[in-house]
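Student: Let's see this in three dimensions:
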Amino acid sequence: MNKVILMGRLTRDPEIRYSQGEKATAVARYTLAVTKSFKREGEPDADFINCVTFGRSAEFAEKYFRQGIRIVVCGRIQTGSYVNKDGVKVYTTDIVVDEQEFAESKAASQNNAANYAGNNFSENKPVPSAAAGDGFMNIPDGIDEELPFS
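Tutor: Down below sits the predicted model:
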């Protein structure tokens, strides 16, 4: 079974292209910054994972996805290789996205997108968002020691 579920923030706006031929199909490529659960000193706080989606999903990404928003994707890993112009074989790994969804409210997305614009994801932590009227509240930073579980 080849199934992947990821949640992360877009490192930049999706790149959209259209295939050639009678029926042009939209192809969207974007990179997700996925926070690592285990961090080592001196290493980045996130993995940067390349994603690709096609058709209506690509058109949706073009219309609604922007740098900094948090999304959830479901798909499969696809590996490949090609020979570049210097004659060197380059190996690729992409997530072919079957499903994609927003992982936070529109207000939180806009707030975080503004905070992340032009910044390096590994150097910034997400900014807590205000309550979005959904009945949930944010847990303040530094309260981890007071929680009865980890």
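
Student: Remind me which helix or strand the spatially most central residue of the chain belongs to.
Tutor: Against the mean C-alpha coordinate of the chain, by C-alpha atoms, centre = their mean, the closest residue is residue 32 at 2.7 Å. Here residue 32 sits within strand 26-35, counting by DSSP states H and E.

Student: mind listing what the closest residue to residue 51 other than its chain neighbours touches?
Tutor: Closest residue to residue 51 apart from its sequence neighbours, by C-beta to C-beta, 6 or more residues apart in numbering: residue 95 at 4.6 Å. In short, each C-beta sits where N, CA and C put it, glycine included. Residue 95 sits next to 4, 6, 49-52, 73, 75-78 when contact means C-beta atoms under 8 Å, 6 or more residues apart in numbering.

Student: what's residue 95 sitting at in phi/psi?
Tutor: phi -100, psi 120 (degrees, to the nearest 10).

Student: re the thing from before, wait, doesn't the residue nearest to the centre of the chain sit right on residue 51?
Tutor: Yes. Here residue 32 lies in contact with residue 51, judged by C-beta atoms under 8 Å, at a distance of 6.0 Å.

Student: Could I get the full set of strands for the chain?
Tutor: 4-10, 15-18, 26-35, 46-54, 70-83, 89-102 (DSSP state E).

Student: For residue 64, which of the ones you listed is the nearest?
Tutor: strand 89-102 (7.9 Å; C-beta to C-beta).

Student: Pull out the buried residues from that closest one.
Tutor: 94-95, 97, 100 (16 or more other C-beta atoms under 10 Å).
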